[in-house]
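> quick one: sequence and predicted model below, then my questions.
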Amino acid sequence: MTFQPDYIPDDVWISIFEAINLPSILAVLARTCHRFHALASRPLLREIRWGSIDSTERNLDAWNGNSDYSTLVSLPRKVAIGINFNFMTDHMRLHDKMYAQVQRFTMLQELVLTGTALSPYTYTVLAVLPTLRSFSIINCTFISLASPFFEHVNVSAHVESGPFTTDKNSLHPMHLITAPNLRSLSIRWTSSQAQFTRITTGLTMPFLTRDLVDSLLVFVEQCHPSVRISLMVEHHDLTEQHADGTRISLRGVWKYRGPLAFATCWPHEAGNQTLTHLIMTEPVELILLLRGLEKLPSGMRTLELQLRRWDVELLFAVRHLFPDIERLEVRYGQGDLPADFFVTLGADILHELTDLHTLKLIHDETSSPQHPHAAQNQHQHLTHLHQQPPHHHHQQQHQVHPPPHPCTPLLLLPVASPSVGGFFSSSHSGDDRNVNAALEHTHLKDYLCLRRVQLDNAIWERRFEGDAWTEVEV
């Protein structure tokens with residue numbers, strides 16, 4: 001029997017259409033036939049974009065002139081507006097008509113304004129959208145307000161990006177960051193925005209430099225103690241010696257990405273150990289890495305470390321310092337893992353790491369002392385963003401091998417030093433590597449929480465405790 005698409009029931013097509021996230025694809029399907037037009041219309045209305053005057057006029061007329069549309073006002077979840085209004089023309093009428101329609105969307109959750117103008121009417125609409133949870137302002141202009149509204153806004157996620165003037169108006173859109181329900185905030189921090197906040201709120205947030213390292217505290221001290229901060233250090237010109245000699249108190253940081261020296265430059269008092277996730281961006285020698293790890297809170301859950309030369313002493317240090325570790329990744333530039341590595345791993349290390357579910361040991365040429373990037377210090381800036389993706393930057397020559405600090409004792413670990421020689425090799429040739437040895441079920445069978453092991457490009461996984469290890473193709 002020849003397959004006929006007409007025999008497929010509507011609910012199957014609806015499930016397929018609801019899984020499509022691109023409105024452009026849904027629009028093409030809706031124009032295919034009358035049946036698809038009816039079925040794709042509902043998921044197509046989940047996101048509405050008004051970017052040009054003519055198409056927006058037609059769309060608004062359809063919402064107001066079609067009785068069938070009155071039953072669909074609960075479908076839109078996101079509205080994106082990108083019209084650059086000129087209020088000296090008939091754009092004012094379109095502006096009011098557009099925001100009047102926004103108020104009719106009873107389940108609207110996200111509003112994005114890009115390259116448009118924020119008028120007092122815009123804020124009035126924001127205050128009457130009970131389901132709005134995310135509001136973004138990108139490269140917009142604004143008109144001053146006559147009365148405050150910020151205490152009525154229900155948004156929990158807010159994004160601001162683009163140039164802002166230094167207007168002293170206390171009702172500037174930047175004050176949306178004071179919305180009481182706000183849970184997530186993303187701002188592209190520029191010098192103009194820093195100047196605005198300094199003038200209007202007295203909040204000073206200069207770039208992090210050698211002479212202004214204490215300025216890092218200013219922003220955090222203004223935040224409520226319950227705020228959880230994800231901190232990323234990118235451009236900087238501080239040496240590891242300078243950072244190592246700095247002691248500041250930085251509360252609320254639960255995730256840090258950047259050079260290890262900055263993660264250890266504030267004290268982690270008992271009862272105030274909020275830092276649980278650390279991602280290193282610059283490789284260091286073992287002696288500096290051990291010294292830095294010793295200064296971290298004992299309750300670390302995730303560690304992504306970079307080491308210039310492999311040494312098994314690092315794993316013993318992690319076992320000793322972070323008994324609750326859940327995920328460990330180590331990138332090293334030189335050295336080999338021995339053939340009996342799994343035996344050593346299971347017998348001497350994993351038995352105390354009962355919560356570890358992911359272990360990755362990856363050879364990375366960029367962490368090697370001979371690599372051109374290894375001897376360069378990435379001058380990075382401070383960014384307060386949640387889940388900000390990493391960036392690649394121009395790097396300048398700067399030596400990052402300071403001598404050991406004479407007043408800082410080395411980390412003393414209860415390990416047998418004679419065994420270290422058996423676990424470390426100075427060879428770093430790819431032909432001599434032993435990471436492709438098969439992971440047998442008996443090697444790590446007693447470590448029930450462990451689910452994923454990676455050695456270079458070899459990856460093994462198991463879904464449940466007691467399962468046999470399965471090698472994953474990459």
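Cool, the structure landed.
> next, the buried residues of stretch 31-39.
By neighbour count on 16 or more other Cβ atoms under 10 Å, the buried set for stretch 31-39 is 36, 39. For every residue, glycine as well, the C-beta is placed using N, CA and C.
> can you list contacts of it?
10, 13-14, 17, 29-30 (Cβ atoms under 8 Å, 6 or more residues apart in numbering).
> now list the buried members of those.
The neighbour count (16+ other Cβ under 10 Å) marks 13, 17, 29-30 as buried among the contacts of stretch 31-39.
> and these, which two are furthest apart?
Taking Cβ to Cβ as the measure, the buried ones among the contacts of stretch 31-39 span a maximum distance of 11.6 Å, between 13 and 30.
> so what's residue 354 scoring on pLDDT?
Turning to residue 354, the model gives it a pLDDT of 87.
> neighbours around it, how many?
By other Cβ atoms under 10 Å, 13 other residues sit near residue 354.
> got the contact list for it?
Contacts for residue 354 were tallied using Cβ under 8 Å, 6+ apart; they are 323, 447, 449.
> what about 10 Å?
By Cβ atoms under 10 Å, 6 or more residues apart in numbering, residue 354 lies in contact with 323-325, 447-450.
> any idea which of the contacts of stretch 31-39 is closest to residue 132?
Out of those, the member with the shortest distance to residue 132 (by Cβ to Cβ) is residue 17, at 25.3 Å.
> correct me, but the closest one touches residue 28?
No. Using Cβ atoms under 10 Å, residue 17 makes no contact with residue 28, being 11.5 Å away.
> now do the shared contacts for these two.
Shared contacts of residue 17 and residue 28, defined by Cβ under 10 Å, 6+ apart, are found at 36, 40.
> hang on, the earlier thing: next, show the common contact partners of residue 13 and residue 30.
Counting by Cβ under 10 Å, 6+ apart, the residues touching both residue 13 and residue 30 are 36, 38-40.
> need the three-state assignment for residue 32.
Three-state assignment for residue 32 (DSSP: H, G, I helix; E, B strand; the rest coil): coil.
> count the residues that sit near the nearest residue to residue 20 once chain neighbours are set aside.
Counting by Cβ to Cβ, 6 or more residues apart in numbering, residue 26 is the residue found nearest to residue 20 once chain neighbours are left out, at 5.6 Å. Look at residue 26: counted by other Cβ under 10 Å, it has 23 neighbours.
> touching, residue 26 and residue 13? I think so.
No. Using Cβ under 10 Å, residue 26 is not in contact with residue 13; the gap is 11.7 Å.
> just the endpoints, please. Distance across stretch 135-143?
One end of stretch 135-143 sits 17 Å from the other (Cα to Cα, to the nearest Å).
> buried set for that stretch?
Neighbour-count burial for stretch 135-143 flags 135-138, 140-142 (criterion: 16+ other Cβ under 10 Å).
> now do the strands in the stretch 51-200 of the chain.
78-81, 110-114, 117-118, 134-138, 141-142, 157-161, 184-187 (DSSP state E, counting those that start in this stretch).
> where among those is average confidence lowest?
Minimum mean pLDDT among the strands of the stretch 51-200 of the chain: strand 157-161, a mean of 68.
> quick revisit: between residue 26 and residue 13, what contacts are shared?
Common neighbours of residue 26 and residue 13 (Cβ under 10 Å, 6+ apart) are 36, 39-40.
> the helix or strand residue 303 falls within - contacts with which helices or strands?
For residue 303, the host element (DSSP states H and E) is strand 302-309. When contacts are defined as 3 or more Cβ pairs under 10 Å, 6 or more residues apart in numbering; DSSP states H and E, strand 302-309 packs onto strand 277-280, helix 286-294, helix 313-321, strand 327-334, strand 358-363.
> same list (those) but as TSV, adding distance to residue 306 and mean pLDDT.
Formatted as TSV, the helices and strands packed on strand 302-309 follow (distance: least, Cβ to Cβ, whole Å; pLDDT from 0 to 100):
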stretch	distance to residue 306	mean pLDDT
strand 277-280	5	93
helix 286-294	8	91
helix 313-321	11	92
strand 327-334	5	93
strand 358-363	10	91
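> closest one to residue 315 out of the buried ones among the contacts of stretch 31-39, please.
Of the buried ones among the contacts of stretch 31-39, the one sitting nearest to residue 315 (Cβ to Cβ) turns out to be residue 17, at 50.0 Å.
> how near is the closest one to residue 38?
Remark: distance between residue 17 and residue 38 (Cβ to Cβ, to the nearest Å) = 11 Å.
> need the overlap of contacts for those two.
residue 30.
> who touches stretch 7-21?
Residues outside stretch 7-21 that contact it (Cβ under 10 Å, 6+ apart) are 1, 5, 25-26, 29-30, 35-36, 38-44, 46-47.
> can you flag which of those belong to strands?
Of the contacts of stretch 7-21, the ones assigned to strands by DSSP state E are residue 47.
> among the contacts of stretch 7-21, which lie within helices?
Of these, the ones assigned to helices by DSSP state H are 25-26, 29-30, 35-36, 38-44.
> could you give the number of residues near residue 157?
For residue 157, using other Cβ under 10 Å, the count is 18.
> can you name the residues bridging to it?
Following DSSP bridges, residue 157 is listed with bridge partners residue 134, residue 184.
> and if you look at residue 279?
If you apply DSSP bridges, the partners that residue 279 bridges to are residue 257, residue 304.
> now do the contacts for it.
232, 255-258, 260, 263, 302-306, 329, 390.
> what subset of these is buried?
The neighbour count (16+ other Cβ under 10 Å) marks 232, 255-258, 260, 263, 302-306, 329 as buried among those.
> mind giving me the packing neighbours of the helix or strand hosting residue 343?
Here residue 343, judged by DSSP H and E, is contained in helix 341-344. Contact analysis of helix 341-344 by 3+ Cβ pairs under 10 Å, 6+ apart lists helix 420-423, strand 452-455 as its packing neighbours.
> mean pLDDT for those: which is lowest?
By mean pLDDT, the lowest-scoring of the helices and strands packed on helix 341-344 turns out to be helix 420-423, with a mean of 34.
> in CSV, list the shared contacts of residue 26 and residue 13 along with distance to residue 129 and pLDDT.
Formatted as CSV, these follow (distance: Cβ to Cβ, whole Å; pLDDT from 0 to 100):
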residue, distance to residue 129, pLDDT
36, 32, 77
39, 29, 71
40, 26, 73
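> of those residues, closest to residue 87?
Lowest distance from residue 87 to these (Cβ to Cβ) belongs to residue 40, with 36.3 Å.
> mind listing what the nearest residue to that closest one once chain neighbours are set aside touches?
Ranked by Cβ to Cβ, 6+ apart and with sequence neighbours excluded, the top spatial neighbour of residue 40 is residue 30, at 4.0 Å. Applying Cβ under 10 Å, 6+ apart to residue 30 gives the contacts 17, 23, 36-41, 43-44.
> for those residues, which one is nearest residue 72?
residue 41 (7.9 Å).
> and the closest one, how far from residue 23?
12 Å.
> same check, this time on residue 87
Taking Cβ to Cβ, one finds residue 87 at 29 Å from residue 23.
> looking at the two, which one has more neighbours?
Set side by side, residue 87 and residue 23 show more neighbours around residue 23, with 17 against 11, by other Cβ under 10 Å.
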